[in-house]
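[1] next come a sequence and a model predicted from it.
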Amino acid sequence: GGLQFLVSYDSGFISLNGQAPCPLPTLTGQTRLQTTGETSVGNWQVKIGIVEHRGAEYPPSPKTRATDSRLKFAAYLAATGDELVVRTRQPGDRFQPLGMSGTKKLKDFMVDEKIPRHWRDSVPLVATPKGIAWVVGWRIADWARTPDDAIQVMKIEFRLDAT
């Protein structure tokens, strides 16, 4: 027992149980999303709609919002089909971050983005049969970006209300 001081990148935590706090709830399995409307995924409410293209919106990452009682993230994606699921990372996952021509290991992306190790298994991923379309709160996939000439795009919102 006793207090422990934990360090993760640029943050330090005092802990009684040896674990640093994580603002993201635990997710298990995978949940298929309705392509329009709301779907409950664990403690998250996921809302999907088709909206007029207004350009990209980049909300802050969970790391910068960790003290908020409510987390909300949004992404605009090209039409990705109707087979969207939310899941967490799996061994061997690869991701093509926006701006990259190739893929990289999801683990390497998370390390490069300085996502704390104890958060990584809780970060929601929006995936399609083509791959990971969005690492929620961080970045969309290059292949899922909205084309400049798109008239309508898919807006996905993740909302976590404090309970």
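    Done, it's in. Residues are numbered from 1 along each chain as shown.

[2] ok, now which ones touch the spatially most central residue of the chain?
    Centroid-nearest residue in the chain: residue 136, 1.4 Å away (criterion: Cα atoms, centre = their mean). Residue 136 makes contact with 73, 75, 123-126, 158 under the criterion Cβ atoms under 8 Å, 6 or more residues apart in numbering. Just so you know, the C-beta spots here come from the backbone N, C-alpha and C atoms, and that holds for glycine as well.

[3] run through this protein and note the low-pLDDT ranges.
    1, 4-13, 15-21, 54-70, 161-163 (pLDDT under 70).

[4] one step back: from the contacts of residue 136, pick the one nearest residue 90.
    residue 125 (8.9 Å; Cβ to Cβ).

[5] residue 106 touches residue 94, doesn't it?
    Yes: Residue 106 sits in contact with residue 94 when judged by Cβ atoms under 8 Å, with a separation of 6.4 Å.

[6] joint contacts of those two?
    residue 132.

[7] these two - which one has more neighbours?
    Just comparing residue 106 and residue 94: by other Cβ atoms under 10 Å the higher neighbour count belongs to residue 106, 22 against 14.

[8] with that, I have no additional questions.
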